[in-house]
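Undergrad: Mind looking at a prediction? Sequence and model below.
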Amino acid sequence: LVMPLGHAISAWTQLQTGLGALTRIQEILALEPEEDGRPERTGAGPRPGAPLLALEDVSFAYPDGTPVLRGVSFEVAAGSRVALVGPSGAGKSTVLALIEGFYPVGDGAVRWAGTDVRELPRAALRARLGYVEQEAPVLAGTVRDNLLLTRPDATDPELWAVLADVGLTEVVRRSPRGLDVLVGDEGVLLSGGERQRLAIARSLLARPELLLLDEPTASLDARNEGLLRETLAAASADRALLVVAHRLSTVLDSDQIVVLDQGRVVARGTHAELVDSSPLYRELATAQLLV
Ligand code: ATP
C-alpha cells in the first residue's frame with residue numbers, strides 16, 4: 001500500500017459503492033506492509049536528544065523533473081505544534097508527502113527520532129504518523145464506520161470522546177441513530193469543515209505521535225474555522241502537530257511557524273517574531289488582516 005489512506009479510500013469507495021466497501025478497505029488496511037526493501041529494525045525508538053522529526057537539508061524534484069524543495073531544514077519536537085505557511089506552490093504539501101513517505105527524499109534526510117526514515121519499515125512509520133489530507137475523505141457508511149477504520153477495537157465512549165475533541169458531538173447526537181447515522185444524503189450531511197474534522201477524529205483514534213494536517217484550502221465559515229482551531233488545540237494535547245496552513249489564524253499560537261517560499265525555508269519563528277523579522281510573513285499576515 002503506497003497510496004495515502006485517503007487515496008485508497010476514494011479509489012475503493014468509487015469501485016465498491018454499496019458493495020461492502022468497508023470490508024474491502026479494512027482488508028487493505030490489514031495488509032501486511034509490502035516488501036519495500038527496508039530492513040526491519042529493532043530498537044528504532046527515540047534516541048536521547050533527537051527531535052521527534054527532523055528535515056535535514058531536504059531537496060526534492062517530482063518524477064517529471066520539476067524541482068520543488070531546496071535545502072529544507074526544520075524540526076518538530078515531541079508534543080510541539082509546528083505550522084508550514086507560504087504562498088501557493090511554495091512546496092508545503094510536498095513536505096508532508098515526503099514525511100509521509102509517499103515519495104522518496106532526493107538529497108538530504110527526513111529523520112524520525114534520529115533514524116533516517118529510509119531505514120524504518122513503512123509499517124512502523126505509519127503506526128506513528130497520522131495524515132489528514134486537504135480533501136478529507138469520508139467513507140460512504142456510518143459515522144461509526146468512518147471512525148473504526150483506524151482502530152476497529154475502539155469502544156463507544158472512545159468514539160464519543162474523539163467526536164467531542166473535534167466538535168462533532170452535536171451534529172451526531174442530532175440523529176436518533178447516533179454513531180450509526182449514515183454520512184451523506186440519507187443521513188447526516190456534513191459540511192467541508194465537518195468532513196475534515198471527522199477525518200481528524202479518525203486519525204486521532206489511532207493515537208499517532210505526530211499528526212500531519214493539510215488544512216483545506218476551501219473557505220470555512222467563521223464557526224467551522226473556530227472549531228478547527230479548537231480541534232487543533234485538543235489534538236495537540238498529547239501529540240506533535242505539523243499543519244500546512246492556508247489561514248494563518250488557525251496556527252497563530254504554534255510553537256514554531258516555518259515560512260516556505262519557492263521551495264526554500266525563508267524564515268522560522270513564532271507569529272510575533274515573524275511579524276517583526278519576515279517581510280513575506282508580514283505580507284501574508286497583512287493580507288489576512290492579522291496585523
Ligand atoms: P498550495 O498552497 O497551493 O497547496 P503548496 O505550497 O502546498 O501549494 P505543493 O502542492 O507542494 O505546494 O506544490 C509545489 C510545486 O510542485 C508546485 O509548483 C506544483 O505545481 C508542483 N507539484 C505538486 N505536485 C506535483 C506532482 N505530483 N508532479 C509534478 N509537480 C507537482
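TA: Looks like it came in fine.
Undergrad: Isn't Val95 up against Leu53?
TA: No: at 10.8 Å, Val95 does not count as touching Leu53 under the criterion of Cβ atoms under 8 Å. Any C-beta I mention is one placed from the backbone N, CA and C, and that applies to glycine too.
Undergrad: who's more crowded, these two?
TA: Higher neighbour count among Val95 and Leu53: Val95, with 28 against 25, using other Cβ atoms under 10 Å.
Undergrad: Please tell me how far that one sits from Leu84.
TA: For Val95, the distance to Leu84 equals 6 Å [Cβ to Cβ, to the nearest Å].
Undergrad: Which neighbours do those two have in common?
TA: Residues touching both Val95 and Leu84 by Cβ atoms under 8 Å, 6 or more residues apart in numbering: Val244, Leu260.
Undergrad: where does the stretch 101-250 of the chain have low pLDDT?
TA: In the predicted model of the stretch 101-250 of the chain, residues 217-219 satisfy pLDDT under 70.
Undergrad: Would you map the helices across it?
TA: Using DSSP state H, counting those that start in this stretch, the helices of the stretch 101-250 of the chain run over 122-128, 143-148, 156-165, 169-173, 192-205, 222-235.
Undergrad: Give me the local confidence score for Ala78.
TA: Model confidence at Ala78, expressed as pLDDT, equals 93.
Undergrad: residues touching it, list them.
TA: By Cβ under 8 Å, 6+ apart, the residues touching Ala78 are Pro46, Pro51, Leu52, Glu209, Ala240.
Undergrad: Test my guess that the last one contacts Ile99.
TA: No: Ala240 sits out of contact with Ile99 when judged by Cβ under 8 Å, with a separation of 11.4 Å.
Undergrad: Pull up the overlap in contacts between those two.
TA: Residues touching both Ala240 and Ile99 (Cβ under 8 Å, 6+ apart): Leu53.
Undergrad: Now render the contacts of Ala78 as CSV, adding distance to Gly65.
TA: Formatted as CSV, the contacts of Ala78 follow (distance: Cβ to Cβ, whole Å):
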residue, distance to Gly65
Pro46, 37
Pro51, 32
Leu52, 32
Glu209, 34
Ala240, 33
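Undergrad: Can you tell me which of those comes closest to Gly269?
TA: Closest to Gly269 out of the contacts of Ala78 is Pro51 (16.8 Å), distances taken as Cβ to Cβ.
Undergrad: Burial check on the residue nearest to the closest one when sequence neighbours are not counted, number of neighbours?
TA: Nearest non-adjacent residue to Pro51, counting by Cβ to Cβ, 6 or more residues apart in numbering: Glu75, 4.1 Å away. Residues lying near Glu75 (other Cβ under 10 Å) number 17.
Undergrad: Could you measure from Glu75 over to Thr115?
TA: In this view, Glu75 and Thr115 are 14 Å apart by Cβ to Cβ.
Undergrad: Any idea how many residues pack against the nearest residue to Pro208 once chain neighbours are set aside?
TA: Counting by Cβ to Cβ, 6+ apart, Pro208 lies nearest to Gly130, which is 3.6 Å off, once chain neighbours are set aside. Gly130: 25 surrounding residues under other Cβ under 10 Å.
Undergrad: contacting residues around Gly130?
TA: For Gly130, the contacting residues are Ser203, Leu204, Ala206, Pro208, Leu210, Leu211, Leu212, by Cβ under 8 Å, 6+ apart.
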